[in-house]
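Undergrad: how does the following fold in three dimensions:
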Amino acid sequence: MPNSRCKLLSLALFPVLCNGLVTSPPRLVVLIPAYNEEDRIGSTLESYHGFFAKEAWDCEILVVDDGSSDSTSQVVKQSAEHNQMHNFPKIKCISLSKNQGKGEALSRGIRHIADIYSGNDDILILTQDADGSGDLTYLNQMYGELQRLLGSGSASNPKWNDPALVTGNRNYNLFSPRGITRWGFQTCVSAIMGGLGVQDSQCGYKLMTLPTADILYKDLHLKGWAHDVEVLYRAKLLGVPVAQISIDWLDKEGSKVVEAGVVNVSAQMLRDVLRLRWEYSITGAWKLPKSYYTS
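TA: Numbering: from 1, shown residues only. As a prediction, the model looks like this:
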């Protein structure tokens, strides 16, 4: 009973507490791509349950199992059963028949969400990594920033069917190995793509409206780690408003990038970015998907 009172109080105060803005949030879908994450996804979902149980968000969690060869989907289903007994938040898992890459997993997940909520644009999507490296406490701040992007001068009345995206900027130490690698890759991306308006294109912590996700992630050509660059490049071409906020980030053991080799992954991503620019800007072979943002 005390927890119920706290929840009701949180629901009442959320519009006041969220960065001084007065609009209660629409429904939130947390989208998590996962590949061979049986050792980490369970603790991530448990921490998310703890966070959302204390917050006023009306939310659900969708995990996309990207063709895992381990028990990732089974672990997610066990977490879903546990949450169902407590009636919050709802967890669902869809599985791809084979491993196709993080970008494709996100694209499939967004397509699934769009199909379920067809005709309802009052949906927000938060993408997160399976290891839970991004701190969820920044969600309310990201929501406030998204409101400002959508407010058209009135943050109290945002248009949730308009395009807008807020992404995280991980606070890596520039002189750490990951910081140096990130600086080098972002420098190359800026030189090749002409700047994307953010300092950290590869952060998996992104909040956006459903229509934004539907167009930016539809039929991605880059299906692996470099897909974020294509997403942000599409946003640039379409004029989608993009903002970033600094977030704390804690790399967890079991990183797929580390397992595959940071140098090898970085080289592949650089090749993908070069091809991205070539196919969109030089040959014109890659086109923007059709949507109501494009005529």
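
Undergrad: can you pull out the strands in this structure?
TA: Counting by DSSP state E, one finds strands in the chain at the ranges 27-34, 59-65, 90-95, 123-127, 165-170, 206-209, 242-247.

Undergrad: A226 and K218, how far apart?
TA: A226 sits 17 Å away from K218, taking C-beta to C-beta, to the nearest Å as the criterion. Every residue, glycine included, has its C-beta placed from N, CA and C.

Undergrad: these two: which is more packed in?
TA: Here A226 and K218 are set side by side on neighbour count (other C-beta atoms under 10 Å), and the busier one is A226, at 29 against 16.

Undergrad: nearest residue to the more buried one in space, please, no chain neighbours.
TA: D272 (3.8 Å; C-beta to C-beta, 6 or more residues apart in numbering).

Undergrad: quick one, what contacts the residue nearest the centre of the chain?
TA: Closest residue to the average C-alpha location of the chain: T127 at 2.0 Å, with C-alpha atoms, centre = their mean. Residues counted as contacts of T127 (C-beta atoms under 8 Å, 6 or more residues apart in numbering) are 31-33, 106, 204-206.

Undergrad: hmm, which of those is lowest in pLDDT?
TA: Within the set of these, pLDDT is lowest for G204 (92).

Undergrad: quick check: the closest residue to that residue other than its chain neighbours vs N99, distance?
TA: On the basis of C-beta to C-beta, 6+ apart, the spatially nearest residue to G204 that is not a chain neighbour turns out to be D129, at 4.3 Å. Between D129 and N99 the distance, using C-beta to C-beta, works out to 16 Å.

Undergrad: same question for R108.
TA: 12 Å.

Undergrad: neighbour count: these two, which is higher?
TA: Neighbour tally, R108 and N99, criterion other C-beta under 10 Å: the higher count belongs to R108, 19 against 15.

Undergrad: ok, that one - contacts?
TA: Taking C-beta under 8 Å, 6+ apart as the criterion, R108 is in contact with 64, 94, 96.

Undergrad: same thing but at 6 Å, please
TA: In this structure, R108 makes contact with V64, judged by C-beta atoms under 6 Å, 6 or more residues apart in numbering.

Undergrad: just the pLDDT for it.
TA: The model reports R108 with a pLDDT of 97.

Undergrad: what does the one 5 residues further on give?
TA: On pLDDT, I113 comes in at 97.

Undergrad: I figured it hits V29, correct?
TA: Yes - in this structure I113 lies within contact range of V29 using C-beta atoms under 6 Å: 5.4 Å.

Undergrad: looking at the two, which one has more neighbours?
TA: In this view I113 and V29 are compared by other C-beta under 10 Å, and V29 has more residues nearby, 24 against 20.

Undergrad: specify the beta-bridge partners of that one.
TA: When assigned by DSSP bridges, V29 has beta-bridge partners E60, I125.

Undergrad: what distance do you get for it to A114?
TA: Using C-beta to C-beta, one gets 10 Å for the distance from V29 to A114.

Undergrad: with I123 instead?
TA: The value you get for I123 to A114, if C-beta to C-beta is used, is 9 Å.

Undergrad: same check on E46?
TA: Taking C-beta to C-beta as the criterion, E46 is separated from A114 by 28 Å.

Undergrad: so for those two, which sits in the more crowded spot?
TA: Here E46 and A114 are compared on neighbour count by other C-beta under 10 Å; more neighbours surround A114, at 19 against 14.

Undergrad: and the more buried one, what does it touch?
TA: By C-beta under 6 Å, 6+ apart, A114 lies in contact with D214.

Undergrad: show me where the stretch 151-295 of the chain has helices.
TA: When secondary structure is read from DSSP state H, counting those that start in this stretch, the stretch 151-295 of the chain shows helices at 177-193, 210-216, 227-238, 256-260, 262-277.

Undergrad: need those in CSV with mean pLDDT, mean neighbour count and distance to I245, can you?
TA: What follows is the helices of the stretch 151-295 of the chain, written out as CSV (pLDDT from 0 to 100; neighbours: other C-beta atoms under 10 Å; distance: least, C-beta to C-beta, whole Å):
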stretch, mean pLDDT, mean neighbour count, distance to I245
helix 177-193, 83, 16, 17
helix 210-216, 95, 25, 17
helix 227-238, 97, 22, 15
helix 256-260, 56, 13, 23
helix 262-277, 89, 16, 24
